[in-house]
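S.K.: just coords:
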């Protein structure tokens, strides 16, 4: 059965962390809210038992699975997108969860005090959050992922092939480059292992084809990573 | 081999979500930073490959596992603290990850613009974040968990026994009661399923003994849930 992915259309958002390994592995899926409508998403999400708190979620064989890391663990187990040995399997999940933590902090930058309001209603607060993120949190997270990359002899985070944590790290770098072009330009040279993973993911045939397709929605200021020039800096 | 848990001493924090199922199931563990020192934690965390981004983490059989949901999945698989059938196993992990999302939002309330600064340096921003959390996010999350509780015929989130998501939901309610006593007093009657799980967890012999022991550090204003009266409201 084809996987059905449900996520807000028109932005990459957290759904992109699910799309990427599906595209890289050539696994068939329907991006349901894009082929149908937002109304269909809202209706589907509320229906039945075990409604998820939020998209993205996957429907497969009568099961609904939400939360990005949970979805990736499910796909990883079924399609061998991560090692099976417990220590390695939990290491990859751990990296994925740390990426998710960073993504949540990124979202918090443009919505520091009111998730339900607009960025325009919290610009001074966002400027302060961006300042400390750029100077403290961003290098701290990238240090961690660089160290993780260095713990494996090959280019990938583990073994000699990509896992779902590699495709997620690619998306993280792409998002940060879009949101903070000046800051990333200044920092990237310090993270050769992270950038090598980003480049290796971009070169995977499935990903290269995806990035060249119209299925890859461009980054924009309705997603998680948002380019507001006033929030960037060297 | 006894599990070694590493987490900041002196506060419950995210470590508590790991302690609770260990205590409930009577699984032996050493709370290392408490028996040793913060310096020992900092030194241990930085040592070796695959250093975690942050505590808590567990050491077991030469493996280090960080990220609460990842630790709980590991413990759940080894000690039968959650169902083994994939659909149910992923449902419990999904609930755990949604609890983790809420915990991150709770932390953001008292540190909305600078994670590395003090609450006292961001009080007006925290007041605004608390206001929208109390009125919008808190009921939205509790609605979700109430619906999840209602999806299972028994008192627990799944089947007829506790899982690690139940002990986490207990901790969430306890933390929210400490942080927002007025708001929770006004809201709780709307969430009988959630409160029934909280009560059932508190009555587990292992948890009752733990709560009565000095191993349960009281909530305080260095943890994630912090009681600042000015952030509460009906």
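M.R.: Here it is on my side, so go on. Everything numeric here is computed off the predicted structure, so don't read it as measured data.
S.K.: relative to residue B:54, how far out is the residue nearest to residue A:145 when sequence neighbours are not counted?
M.R.: In space, and not counting its chain neighbours, residue A:145 is closest to residue A:194: 5.2 Å by Cβ to Cβ, 6 or more residues apart in numbering or on different chains. C-beta coordinates here come from the backbone N, C-alpha and C atoms, glycine included. Using Cβ to Cβ, to the nearest Å, residue A:194 is found at 18 Å from residue B:54.
S.K.: okay, the two: which has more neighbours?
M.R.: residue A:194 (26 against 15; other Cβ atoms under 10 Å in any protein chain shown).
S.K.: quick revisit: could you list every residue that touches the residue nearest to residue A:145?
M.R.: Residue A:194 sits next to A:142, A:145-146, A:149, A:169, A:173 when contact means Cβ atoms under 8 Å, 6 or more residues apart in numbering or on different chains.
S.K.: for stretch A:206-225, what is the distance to the chain centroid?
M.R.: Counting by Cα atoms, centre = their mean, to the nearest Å, stretch A:206-225 is centred 11 Å from the centre of its parent chain.
S.K.: rewinding a little: buried set for the host helix or strand of the residue nearest to residue A:145?
M.R.: According to DSSP states H and E, residue A:194 maps onto helix A:192-202. By neighbour count on 16 or more other Cβ atoms under 10 Å in any protein chain shown, the buried set for helix A:192-202 is A:193-195, A:197-198, A:200-201.
S.K.: same check on stretch A:112-132?
M.R.: Buried, per 16+ other Cβ under 10 Å, within stretch A:112-132: A:112-115, A:119, A:122, A:125-130, A:132.
S.K.: from what I see, residue A:159 and residue A:83 are in contact.
M.R.: Yes - counting by Cβ atoms under 8 Å, residue A:159 does reach residue A:83; the two are 6.1 Å apart.
S.K.: ok, the residue nearest to residue A:102 when sequence neighbours are not counted - how many residues close by?
M.R.: Counting by Cβ to Cβ, 6+ apart, residue A:102 lies nearest to residue A:141, which is 4.8 Å off, once chain neighbours are set aside. Residues near residue A:141, counting by other Cβ under 10 Å, number 21.
S.K.: host element of residue A:141?
M.R.: With DSSP H and E as criterion, residue A:141 is part of helix A:138-150.
S.K.: rewinding a little: nearest to residue A:102, of the buried residues of helix A:192-202?
M.R.: Taking Cβ to Cβ as the measure, residue A:102 sits nearest to residue A:194 out of the buried residues of helix A:192-202, at 12.1 Å.
S.K.: what about the strands in chain A?
M.R.: For chain A, the strands defined by DSSP state E occupy A:3-6, A:29-31, A:57-60, A:63-66.
S.K.: can the last one be found next to chain B?
M.R.: Yes - using Cβ under 8 Å from any Cβ of the partner chain, strand A:63-66 reaches chain B at A:63, A:65-66.
S.K.: I'd like to know which elements the helix of greatest length in chain A is packed against.
M.R.: Of all segments of type helix in chain A, defined using DSSP state H, the longest is helix A:86-110. Packed against helix A:86-110 by the contact rule (3 or more Cβ pairs under 8 Å, 6 or more residues apart in numbering or on different chains; DSSP states H and E) you find helix A:68-79, helix A:123-132, helix A:138-150, helix A:164-179, strand B:63-66, helix B:68-79, helix B:86-110.
S.K.: what about 6 Å?
M.R.: helix A:68-79, helix A:123-132, helix A:164-179, strand B:63-66, helix B:68-79 (3 or more Cβ pairs under 6 Å, 6 or more residues apart in numbering or on different chains; DSSP states H and E).
S.K.: who touches the second one?
M.R.: Helix A:123-132 is contacted by residues A:109-110, A:112-113, A:231, B:113-114, B:125 when judged by Cβ atoms under 6 Å, 6 or more residues apart in numbering or on different chains.
S.K.: if we use 10 Å, what do you get?
M.R.: Contacting residues not belonging to helix A:123-132 are listed as A:105-106, A:108-114, A:119-120, A:122, A:133, A:137-138, A:179-180, A:183, A:226, A:228, A:230-233, B:108, B:111-117, B:121-122, B:124-125, B:128-129 [Cβ atoms under 10 Å, 6 or more residues apart in numbering or on different chains].
S.K.: now do the buried residues in the longest helix of chain A.
M.R.: So for helix A:86-110, counting by 16+ other Cβ under 10 Å, buried means A:88-110.
S.K.: report pLDDT for residue A:70.
M.R.: If you check residue A:70, the pLDDT there is 98.
S.K.: do the same with residue A:107
M.R.: The per-residue pLDDT of residue A:107 was computed as 97.
S.K.: residues contacting it?
M.R.: A:13-14, A:115, A:223-226.
S.K.: switch the cut-off to 6 Å
M.R.: residue A:224.
S.K.: what's the separation between it and chain B?
M.R.: 10 Å (Cβ to the nearest Cβ, to the nearest Å).
S.K.: do residue A:55 as well
M.R.: 13 Å.
S.K.: check residue A:220 too.
M.R.: Residue A:220 is 23 Å from chain B, by Cβ to the nearest Cβ.
S.K.: who's in contact with residue A:117?
M.R.: Contacts of residue A:117 by Cβ under 6 Å, 6+ apart: none found.
S.K.: for residue A:141, give me the pLDDT.
M.R.: 98.
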